[in-house]
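1. Okay, here's the prediction I keep looking at, along with the sequence it came from:
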Amino acid sequence: MTSKPKTLFDKLWDAHVVTPESEAAPAILYIDLHLIHEVTSPQAFAELDARGLPVRRPERTKGTLDHSTPTLPVNVNGQRPYVNDEARAQVDTLRANCARFGVELFDYDSPQRGIVHVMGPELGLTQPGQTIVCGDSHTATHGAFGALAFGIGTSEVGHVLATQCLLQRKPKTLAITIDGELAPGVGAKDLILHVIGVIGVNGGTGHVIEYRGSAIRSLSMEQRMTVCNMSIEAGARAGLIAPDEVTFDYLRGRPRAPQGEAFEAAVAAWKELRSGEGAPFDREVRIDARDIQPTVTWGTHPGQVAAISAHVPGSGDADETKARDYMGWDANAAIAGRAVDVVFVGSCTNSRLSDLREAASVLRGRRVHPRVRMLVVPGSEQVKRDAEREGIDRIVRDAGAEWREPGCSMCIAMNGDIVGAGQLAVSTSNRNFEGRQGKGARTVLASPATAAACAVAGEITDPRPYLTTEPAPHAAAELETA
Ligand SMILES: CC(C)[C@H](C(=O)O)[C@@H](O)C(=O)O
Ligand code: SF4
């Protein structure tokens, strides 16, 4: 008797159900890896304290400091320049909680500290077949490895700390198949912005998205993480990509991945983690990679996107009018050519080594436009070290941009790295909500190449000419004498 083929999601779900869902109650799911950071963990630990409970599986819980951490180095007095007492208190509280409850914390003195969604994969903590949760909406990033990974609320963080389990209603499945080759100069960020533009900010609501097709297969792990990271911006519960040789090669030799024979045994099991031929999805969407241009957002949510060569919509739709007004666009305005004040390269979407290389390839031998302030913030200590080994920090500084310490930084502006009211920022992060990068700040989401090109041009511009041409000779000469 042949059984019905299962989707990757179903395989992951079925392998972790402790008690199935009923009409009266959600399913109980076992959680393999619980990541915590300083913003969404204090109340959860306080809840444990109030009930006198220990952390059920401290060895499956890992902490990092990322949201409230300064990206300027320790000052001359040996102090971290926290933006305020609240930020300092969040960090100190997580430290105290991890020490008391026996949870490993990647603290400032760790060579591996980083944005939670950069650090987990980099260490090999993130592995195919796992369930991964974190009190953070961009936990979907880890789905790039074929792990069922999603964000949870603070009270759920408490449940997982106490029980290593989570109550969940079973989501539906959405297959997004992207076939064809991406054009030169078009990358993973353009792809996911385009996808969200097609399906809408609520297009994934209630679903787990599986990204498939030849365009997805040809992406590196870092690019796949960029894609899965933004699943939440389409409303999806999680994003998934089936693991393959690219995944296994990425994980081989990572410090927290299985080693030696255990790794080969794990790979054999991981190879089963794919949707069976003909497995039924609740919905399917097909996208042709050849339709994707360098893409940016023009509005105030990540579904308000357009090709960089296009125009802002001119419709009288209430949401669009409000977004246009906030962003300071005229109806039907050309997107390219708008003056830029700030450029941010960083965040869990685009702060990995390949992202910084992409930005550096544009900045090399060029200078940031005098009206622009540009920040480049590596996603982790590891990314920072790797980038510095290649001289990316020099390229960034020589171009007149700021090279910072790892953290979330201007993505959410909790640490003092903010965009001023009314300023326009081109940002490689994932959310362009009103005020996200500072009160009254305006955000245009873009790829690292686009962001860097906008920094040089001082206005929104297509990155492709910068990727294919050398800097003008005078620009290079100016740098040598600088
Ligand atoms: C602070 C945290 C809870 C939040 C999230 O859940 O995503 C943040 O990381 C974000 O990107 O908005
Ligand atoms: S980098 Fe931005 S999106 Fe990612 S976890 Fe930090 S604040 Fe959230």
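-> Happy to help now that I have it. Numbering: from 1, shown residues only. Ligands and ions are numbered 1, 2, ... in the order given.

2. Let me see the mean pLDDT of whichever helix or strand A175 is part of.
-> Secondary structure assignment for A175, by DSSP states H and E: strand 172-179. Strand 172-179 carries an average pLDDT of 98.

3. Check stretch 289-309 too.
-> If you average the pLDDT over stretch 289-309, you get 98.

4. Neighbours of the nearest residue to V227 once chain neighbours are set aside, how many?
-> Distance criterion C-beta to C-beta, 6 or more residues apart in numbering; nearest residue to V227, sequence neighbours excluded, is I192 at 4.8 Å. Yep, even glycine has a C-beta here, placed from its N, CA and C like the rest. I192: 31 surrounding residues under other C-beta atoms under 10 Å.

5. SS state for I192?
-> Following DSSP: H, G, I helix; E, B strand; the rest coil, the label given to I192 is helix.

6. What pLDDT is listed against the closest residue to S427 other than its chain neighbours?
-> Counting by C-beta to C-beta, 6+ apart, S427 lies nearest to F344, which is 4.3 Å off, once chain neighbours are set aside. In the predicted model, F344 carries a pLDDT score of 99.

7. Show me the beta-bridge partners of F344.
-> L375, S427 (DSSP bridges).

8. how about it, what does it touch?
-> 374-375, 377, 409-411, 417, 419, 425-429, 437, 451 (C-beta atoms under 8 Å, 6 or more residues apart in numbering).

9. Show me what counts as buried in the strand holding A175.
-> 173-178 (16 or more other C-beta atoms under 10 Å).

10. Let's have those in JSON lines, adding distance to D32.
-> Formatted as JSON lines, the buried residues of strand 172-179 follow (distance: C-beta to C-beta, whole Å):
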{"residue": "T173", "distance to D32": "21"}
{"residue": "L174", "distance to D32": "23"}
{"residue": "A175", "distance to D32": "24"}
{"residue": "I176", "distance to D32": "25"}
{"residue": "T177", "distance to D32": "28"}
{"residue": "I178", "distance to D32": "28"}
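
11. and which of the residues you listed is nearest ligand 2?
-> I176 (20.9 Å; C-beta to the nearest ligand atom).

12. Skipping its backbone neighbours, what lies nearest the closest one in space?
-> V285 (4.9 Å).

13. how about that neighbour, secondary structure?
-> Classification of V285 using three-state DSSP returns strand.

14. That one and L174 touch, don't they?
-> Yes - V285 is within contact range of L174, at 6.9 Å (criterion: C-beta atoms under 8 Å).

15. anything in contact with each of those two?
-> Joint contacts of V285 and L174 (C-beta under 8 Å, 6+ apart) do not exist.

16. residue of the stretch 51-200 of the chain with the smallest distance to ligand 1?
-> S137 (3.5 Å).

17. Am I right that that residue is in contact with G151?
-> Yes - look at S137 against G151 with C-beta under 8 Å: they come within range, at 4.0 Å.

18. so what sits against both of these two?
-> Joint contacts of S137 and G151 (C-beta under 8 Å, 6+ apart) are I232.

19. re the thing from before, and the residue of the stretch 51-200 of the chain closest to ligand 1, what is it in contact with?
-> Counting by C-beta under 8 Å, 6+ apart, S137 has contacts 151, 232.

20. Now it: phi and psi?
-> phi -70, psi -20 (degrees, to the nearest 10).

21. Likewise for the one 4 residues further on?
-> According to degrees, to the nearest 10, the main-chain angles of T141 amount to phi -50, psi -40.

22. Pull the number of nearby residues for it.
-> For T141, the neighbour count with other C-beta under 10 Å is 34.
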